[in-house]
Each structure stands twice: as C-alpha cells, then as structure tokens.
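J.: Build me a structure from this.
(one chain, ligands or ions: 1)
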Amino acid sequence: MSGNEERRVAQAFASNFVAPIGPQLDAFETTVRDYLGADVHCVGLSSGSAALHLALRIAGVGSGDEVWVSSMTFAGGIFPVNYLGATPRFFDLDRESWTIDVKILAEELSKAAQKNRLPKAIVPTDLYGQSSDLNALEKLAEQYDVRLIVDSAESLGASYKNGRKAGSGGDAAILSFNGNKIITTSGGGMLVTRHKNWAEEARFLATQARDPASHYEHSTFGYNYRLSNICAAIGLGQMEVLDARVARRREIFARYQSALTRPGIAFMPEPENTKSSRWLTAVAIDPAVTGVSREDVRLMLNEHQIESRPLWKPMHLQPLYSGSQYHGSGFDERLFEIGLCLPSGSDMSDEQQDEVIQHIVQMLDRAH
Ligand SMILES: Cc1ncc(COP(=O)(O)O)c(C=O)c1O
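T.: Below is the predicted model:
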C-alpha cells in the first residue's frame, strides 16, 4: 500500500456503500479510463479472470468454438475459454518481444479462413508488462472478422507505439488488480472496451443478469462479478502511484540488466517505441554458456530466503491441455526451461536488490 488507500477506504465507509456499487467504484472506473487516455468504457469486476470470462461470452464464444491464445501465460488467462465450453489453441511467442508471434498467427488465420474454421476470438497476453503488437493484431482481427480480446492483466502502466497505453486495445482488454500485480485492489479486475454495448452487457451479466422489472426477472443467466466499492477505494489510492511504480520497476530491471549482462544471459527485450512496465524482470539463463541453470539460480536464491520463479509454464505443456493444438517453434518451451522472474517488487530497496545481484554474480563467477 502506498499511504492513501486507508483514507480512500474510510471515504467508502463514510458513503456507506459497502457493496459492489458506489461512488468509489464509479470513480475508479473513470480514473482508469482517464489513465488509459482512450475512448473506452471501463467496468470494475471481481477479478481479471471474471473480466475475460465476460469478454469472451460477450464476443459470442460458446460450445464448440475455438479461441486462439498465447501459450505462455497464467492459467487465469485461459480457463475462461473452458468455462464457455470452447477450446483453446495455443501460440508461441516471438523472439523480439516475447509476446504472441503475429507471423505464425497470420499464417494460421489464413489457413483457417480457407477451411472456413476461423476462431471466435484471439486472446494475446501482454506478458510480464509488455504490450503485444497491437497494430498487427488489430489488423488481423479486422481482416478475418475475429474478435480481439487483449489480456493486459500484467501490463497496466505499459505503453505500445506512440504512447498508446496497454489495456486499451482490441475489442476489449482485461486488467487484473490481484495482489501480485503492479497495483492491486486486494483482488479485482476490469473489462475495458471500445464498444459501449459490450460495457453495458458486461455490467448486466456481472450483476446476475437482472432484466428491468421491480421483481427479479431473468431471461439469461449471469454472474456475481462486480468489484466491491471498498476494493475500488483501494484501487483509487493505488492509481495515484501507478506511474511511480512503473518508473521504479523499470529502474529495477535496468539495474539487473547492467549488473548481470554477460554471455548466456538474456533479458526480456523491449521493442522499439514501446515501453514495458517491467512488471517482473524476466531473464533467460543459458546453462550451456553460463554453466548454471535457472533452477540452480532459483534454489540458490531460495536458500538465502529470496523468492524467484520460473517463467509461466506454457499452457500447451500442462496436463490439462495435453493433445491441444499448438503452433510455434518451441521458443516458449525453451524460455520456460531457462527463464526466471527475479524479485521485482516496487518497494524492494537498492540494498535488497544488490544482495540478489551479488548472489547471482558469485554463482556465475564460480561456474565460469
Ligand atoms: C496474464 C494473466 N491473465 C489473467 C490473470 C487473471 O487475473 P485474476 O487473478 O485477477 O483473475 C492473470 C493474473 O492473475 C494474469 O497474469
């Protein structure tokens, strides 16, 4: 927490809107919209997964449909496809951005169009704070008339070319305010969409799909997915420090990069004219060159009570999705084998980071 959240929560208590409705929720949606600086509508929800579930349903995804997704992502960015009875098809990352490989996607869309078997939606992940190639993706979505829902759960604060903010692209984007994200509402999410009718439908479905009537009337089923007004108040306090956190995370990334760059160590790239939030510092450690594996580094750090994590295990390698369709050269599989997320919290001190760096440098030097 940054300091102002308690005051905001006290205001929410004073308003007596201790419910998934209220002035703080309205203000939070407006604040995020203004931050994104785009002509979009924002709907505060209970999680990023809930936002994706709603977006996919509103996009018309249903039983028997395919949804094409980035494979290297968190489960919450895929499971909603299953909630709707649809099937995910997995795509590799490209080497220049570590986001969905748009060339492979274009090839497969062209083949699928010939067979009249296009997916209902495409869900690229803005990985570890990096925006996907929005221009290329939006062009493909338009060309093939496929809905584009960008999973920006990890990338609030990042920007794409010419300053366009991550989280404002596609037919819709989703954000997460889970506790591990760059800003949090303790748990929460948001659907951001350029379509007014999508936002209206999301609000309707997120509040149990109540038809207009004085009693409870339902012509379809809905969900209890709105964000609590109390949580939104936390979010208002957090939005005040978002830019400072992005600056700090970028500084942390740059310090790791300058201290650890050597043969066999590669940091997540940042394409020209884009600005990653560097939510997490992701690094690839090639054991053939450095003499140490990412697991050696992770276990060594763990012994010093320092937590680090392997990159996401590509979802096509998960037992749940064995036998699924996957397109790529296995770059994401390789990244999973050799990739590590280093401690990247905005409140980590320089001294703490120096300690992490020192342990890794010592290990690399010894192996060398
Ligand atoms: C890429 C990605 N998609 C979706 C989610 C789901 O968000 P939530 O945890 O708010 O449901 C997360 C994170 O939690 C994520 O990292």
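
J.: drop to CA atoms for contacts and neighbour counts, all remaining ones
T.: Fine.

J.: Wait, Thr220 touches Ala209, no?
T.: Yes - the pair Thr220 and Ala209 passes the contact test of CA atoms under 8 Å, sitting 6.5 Å apart.

J.: For the ligand, see how far away the residue nearest to Asn162 when sequence neighbours are not counted is.
T.: Of all residues not flanking Asn162 in the chain, Asn273 sits nearest, at 6.6 Å (CA to CA, 6 or more residues apart in numbering). Computed as CA to the nearest ligand atom, to the nearest Å, the Asn273 to the ligand distance reads 22 Å.

J.: got it, and Met315?
T.: The gap separating Met315 from the ligand is 12 Å, by CA to the nearest ligand atom.

J.: Let me see the ranges of the helices in this structure.
T.: 5-15, 23-36, 48-58, 79-83, 102-114, 134-144, 196-206, 229-239, 242-260, 287-290, 294-303, 331-338, 350-367 (DSSP state H).

J.: Ok, which of those comes nearest the ligand?
T.: helix 48-58 (3.5 Å; CA to the nearest ligand atom).

J.: For the closest one, name the packing helices and strands.
T.: helix 79-83, strand 147-151, strand 172-176, strand 189-193, helix 196-206 (3 or more CA pairs under 8 Å, 6 or more residues apart in numbering; DSSP states H and E).

J.: That helix vs the ligand: in contact?
T.: Yes - counting by CA under 6 Å from any ligand atom, the ligand is contacted by helix 48-58 at Gly48, Ser49.

J.: which parts of the stretch 151-300 of the chain sit against the ligand?
T.: Contact residues, the stretch 151-300 of the chain versus the ligand (CA under 6 Å from any ligand atom): Asp151, Ala153, Glu154, Ser176, Phe177, Asn178, Gly188, Gly189.

J.: Can you list phi and psi of the fifth one for me?
T.: In this entry, Phe177 is assigned phi and psi values of phi -120, psi 30 (degrees, to the nearest 10).

J.: Contacts only, for it.
T.: Each residue near Phe177 by CA atoms under 8 Å, 6 or more residues apart in numbering is listed here: Ser47, Gly48, Ala153, Ile183, Thr184, Thr185, Ser186, Gly187, Gly188, Gly189, Gly235.

J.: Please tell me which one of those counts the most neighbours.
T.: When neighbours are counted as other CA atoms under 10 Å, the busiest of the contacts of Phe177 turns out to be Ala153, with 31 neighbours.

J.: can you pull the contacts of it?
T.: With CA under 8 Å, 6+ apart, Ala153 has these contacts: Gly48, Asp126, Ile174, Leu175, Ser176, Phe177, Gly189.

J.: For those residues, give me CSV that also has distance to Phe204 and pLDDT.
T.: Conversion of the contacts of Ala153 to CSV gives the following (distance: CA to CA, whole Å; pLDDT from 0 to 100):
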residue, distance to Phe204, pLDDT
Gly48, 17, 98
Asp126, 27, 98
Ile174, 17, 98
Leu175, 19, 98
Ser176, 20, 98
Phe177, 21, 98
Gly189, 16, 98
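
J.: Please convert those to JSON lines, extending it with distance to Pro310.
T.: Putting the contacts of Ala153 into JSON lines (distance: CA to CA, whole Å) gives the following:
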{"residue": "Gly48", "distance to Pro310": "22"}
{"residue": "Asp126", "distance to Pro310": "17"}
{"residue": "Ile174", "distance to Pro310": "24"}
{"residue": "Leu175", "distance to Pro310": "22"}
{"residue": "Ser176", "distance to Pro310": "21"}
{"residue": "Phe177", "distance to Pro310": "22"}
{"residue": "Gly189", "distance to Pro310": "24"}
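
J.: Which of those residues lies at the shortest distance from Val32?
T.: Lowest distance from Val32 to the contacts of Ala153 (CA to CA) belongs to Leu175, with 10.2 Å.

J.: For that closest one, name its beta-bridge partners.
T.: Bridge pairing for Leu175 (DSSP bridges) gives the partners Met190.

J.: Alright, that wraps it up for me.
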